[in-house]
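Engineer: One predicted model, sequence on top.
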Amino acid sequence: MSYNNNEPIVLISGFKAGTWLMRKVLFSITGMEFFEPEIIAGEKKYYNPAQLQFVDNHFYSWHLVPTDEVVDKLNINNAKTIFVVRNIYDLVISIYYHFYNNIDADIGRANNKDKFLKQFSFQEGLSLIITGFDEDGLRWSGMAEVLEHYNEIFKATKKCDSLVVNYDDLVSNKKVIINNIVDFLNISITSQEIEDISNLTDFTSMKKEAQKNNVGSSHFREGKAGLNREKLSQFHKVQLKQMIKLITPDIYDNAKKIKKGSIVEF
């Protein structure tokens, strides 16, 4: 399969929202590798619109915040944008394990927050993921940045040619999502090809491939959807709801406008 249309493809995914899985799905559909912009040390890395670059025979993939300037750039270039989001309560757990297990060490991007988190209990650690921390040179801005990112995605999808994918659906109803993607990209595909792509992007297959190539296998922890949030206490829910009130009070309405209200609900 190949993608022969003139419109560039842009994949903007939330942190820990199935980026590697979606990259594999898009590669299998289009035959194109992904392009990820260079990470500049000290920069607020998801907020620089200059990071949106269109590279021939590649689709763009990064956690870029789709500000108005980014959306203008998408529209000027007639981009086909796919946003990938995940339930924010599930994200708290996923981000915790991302830091606790020092994910990305195998691709040279260790965040080295594991020792810091391991001095606290599991429940205390989850609270730190929600509130953030800045200690001894280790910094995490908490769920505030995640909420800002998602709120911008919810608003941007109405302003550009886009498709919004829920990570839970990508995992649980992959064939339906693949079909939605090929329709969005105006690609002809057979039911057998959809079946093949679904098998190629199976969690076990992708983890084995990553282990074989020694690239990114640490990202494949569970491959399940909708289970993480049950580990949160009522205390954590109150914390996150309070942060929403302070940071993005309109996120509930913006999510509902695009029929993704479940993303911000427990």
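Structural biologist: Now that the structure is in, tell me what you want to look at.

Engineer: Tell me how many other residues surround residue 71.
Structural biologist: The number of residues packed around residue 71, counting by other Cβ atoms under 10 Å, is 22. Every residue, glycine included, has its C-beta placed from N, CA and C.

Engineer: Is it correct that it is in contact with residue 158?
Structural biologist: No - in this structure residue 71 lies outside contact range of residue 158 using Cβ atoms under 8 Å: 9.7 Å.

Engineer: mind listing the strands in the protein by residue range?
Structural biologist: For the chain, strands defined by DSSP state E occupy the ranges 9-13, 33-35, 58-62, 80-85, 133-135, 138-140, 162-166.

Engineer: Save those as a markdown table, and put in distance to residue 179, mean neighbour count and mean pLDDT too.
Structural biologist: Converted to a markdown table, the strands of the chain look like this (distance: least, Cβ to Cβ, whole Å; neighbours: other Cβ atoms under 10 Å; pLDDT from 0 to 100):
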| stretch | distance to residue 179 | mean neighbour count | mean pLDDT |
| --- | --- | --- | --- |
| strand 9-13 | 17 | 25 | 98 |
| strand 33-35 | 21 | 17 | 97 |
| strand 58-62 | 18 | 21 | 97 |
| strand 80-85 | 14 | 24 | 98 |
| strand 133-135 | 42 | 12 | 93 |
| strand 138-140 | 37 | 15 | 90 |
| strand 162-166 | 12 | 20 | 98 |
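
Engineer: nearest to residue 96, of the ones you listed?
Structural biologist: Between residue 96 and these, the shortest gap by Cβ to Cβ is with strand 138-140, which sits at 10.3 Å.

Engineer: and the gap between the residue nearest to residue 5 when sequence neighbours are not counted and residue 9?
Structural biologist: Here the nearest residue to residue 5 in space, its sequence neighbours aside, is residue 186; by Cβ to Cβ, 6 or more residues apart in numbering that works out to 6.2 Å. Using Cβ to Cβ, to the nearest Å, one obtains 11 Å as the distance from residue 186 to residue 9.

Engineer: Could you give the number of residues near residue 238?
Structural biologist: For residue 238, the number of neighbouring residues by other Cβ under 10 Å comes to 11.

Engineer: where's it relative to residue 111, distance?
Structural biologist: Counting by Cβ to Cβ, the separation of residue 238 from residue 111 is 27 Å.

Engineer: got it, and residue 241?
Structural biologist: Counting by Cβ to Cβ, the gap from residue 241 to residue 111 is 27 Å.

Engineer: Give me the more crowded residue out of the two.
Structural biologist: Neighbour comparison, residue 241 and residue 111: the larger count goes to residue 111, with 15 against 12 (by other Cβ under 10 Å).

Engineer: Tally up the residues packed near the closest residue in space to the more buried one that isn't next to it in sequence, please.
Structural biologist: For residue 111, the nearest residue in space outside its immediate sequence neighbours is residue 99; the separation is 6.1 Å by Cβ to Cβ, 6+ apart. Residues within reach of residue 99, counting by other Cβ under 10 Å, total 21.

Engineer: same deal with residue 179?
Structural biologist: Using other Cβ under 10 Å, the number of residues around residue 179 comes to 14.

Engineer: And for the one 10 residues further on?
Structural biologist: Residues within reach of residue 189, counting by other Cβ under 10 Å, total 17.
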